[in-house]
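> Predicted coordinates and the sequence they were generated for:
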Amino acid sequence: NAGVTQTPKFRILKIGQSMTLQCAQDMNHNYMYWYRQDPGMGLKLIYYSVGAGITDKGEVPNGYNVSRSTTEDFPLRLELAAPSQTSVYFCASSLAGTETGNTIYFGEGSWLTVV
Amino acid sequence: QKEVEQNSGPLSVPEGAIASLNCTYSDRGSQSFFWYRQYSGKSPELIMFIYSNGDKEDGRFTAQLNKASQYVSLLIRDSQPSDSATYLCAVSAGGTASKLTFGTGTRLQVTL
């Protein structure tokens, strides 16, 4: 009963490096999301996808890219890492949009530090 | 800018008391409202959602929604130490492909 799986759980990056956070869900959900959560703050939406091949920007997309080639996978790419990208990243999924009360299920989070 | 406001706390209540957590939102078009619980170092987990005015009860939890006042609350009865966590209010606007906008959360401490 995996749900939403994120890797890696912890990572330290140097300024200017790039990396990809992996996310996979096995619930056959159409919608997938990437959020970031800074200390003591709420979650901010980075990117989301309503289905394979479709992605769109959230509140804070700058410095990130995503792709959705399959229903299951939604990787988040960080290009030219900056200290401002130090955060906890949560991948999430839902069957459909939240306007009808569909529950968002979160992965366990990826702690990223940029030094 | 759609906003969801919560008092950051900490809100301290004794064990067995009622904890009342409040949230206001700015977008009058919001249709669905969610309460998530987040333990330190963990991911958020859904406690309740509500989309109709009035109260919705689930065990020790009651969500209250007042769309005219743009106000949603969560009551936790018979508070337990295990309820100590940060509670995030999230709001979904209407329309297709809607997303959640989260508040910054209220930290609840249940004391013995």
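Perfect, I can see it now.

> Contacts only, for residue A:5.
By C-beta atoms under 8 Å, 6 or more residues apart in numbering or on different chains, the residues touching residue A:5 are A:23-26, A:107. For the C-beta atoms, the positions are set from N, CA and C on the backbone; glycine is no exception.

> which of those lies closest to residue A:94?
Nearest to residue A:94 out of the contacts of residue A:5 is residue A:25 (C-beta to C-beta; 9.6 Å).

> so what's the closest residue to the closest one other than its chain neighbours up against?
The spatial neighbour of residue A:25 that comes closest, neighbours along the chain excluded (C-beta to C-beta, 6 or more residues apart in numbering or on different chains), is residue A:93 at 4.3 Å. Listed by C-beta under 8 Å, 6+ apart, the contact set of residue A:93 reads A:4, A:25, A:27, A:29, A:31-33, A:74, A:104-105.

> most neighbours, which of the residues you listed?
Among the contacts of residue A:93, the one with the most neighbours (other C-beta atoms under 10 Å in any protein chain shown) is residue A:74, at 29 neighbours.

> from memory that residue sits against residue A:91, does it?
Yes - in terms of C-beta atoms under 8 Å, residue A:74 counts as a neighbour of residue A:91; the distance is 6.4 Å.

> between those two, what contacts are shared?
When contacts are counted by C-beta under 8 Å, 6+ apart, residue A:74 and residue A:91 have A:23, A:25, A:32, A:34 as shared neighbours.

> Now secondary structure too, for the residues you listed, in TSV please.
Compiled in TSV, these are given as follows (DSSP: H, G, I helix; E, B strand; the rest coil):
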residue	secondary structure
A:23	strand
A:25	strand
A:32	strand
A:34	strand
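
> hang on, the earlier thing: and the pLDDT at the residue nearest to residue A:25?
On the pLDDT scale, residue A:93 is placed at 94.

> hmm, back to that, pipe the shared contacts of residue A:74 and residue A:91 into TSV and attach distance to residue B:66 and pLDDT per row.
Rendered in TSV, the data for those read as follows (distance: C-beta to C-beta, whole Å; pLDDT from 0 to 100):
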residue	distance to residue B:66	pLDDT
A:23	36	98
A:25	35	97
A:32	32	95
A:34	32	97
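
> Of these, which pair is most distant in space?
Of all pairs drawn from the shared contacts of residue A:74 and residue A:91, the one with the longest distance (C-beta to C-beta) is A:25 and A:34, at 12.3 Å.

> Partner strands of the helix or strand of chain B with the lowest mean pLDDT and their direction?
Between all helices and strands in chain B, the lowest mean by mean pLDDT, DSSP states H and E belongs to strand B:100-102, at a mean of 88. Each strand paired with strand B:100-102, and its direction, by DSSP bridges: strand B:85-93 (antiparallel).

> what's the strand it pairs with in contact with?
If you take C-beta under 8 Å, 6+ apart as the criterion, strand B:85-93 is touched by A:42-43, A:97-99, B:2, B:4, B:6, B:21, B:23, B:25, B:27, B:29-40, B:44, B:47, B:72, B:74, B:98-108.
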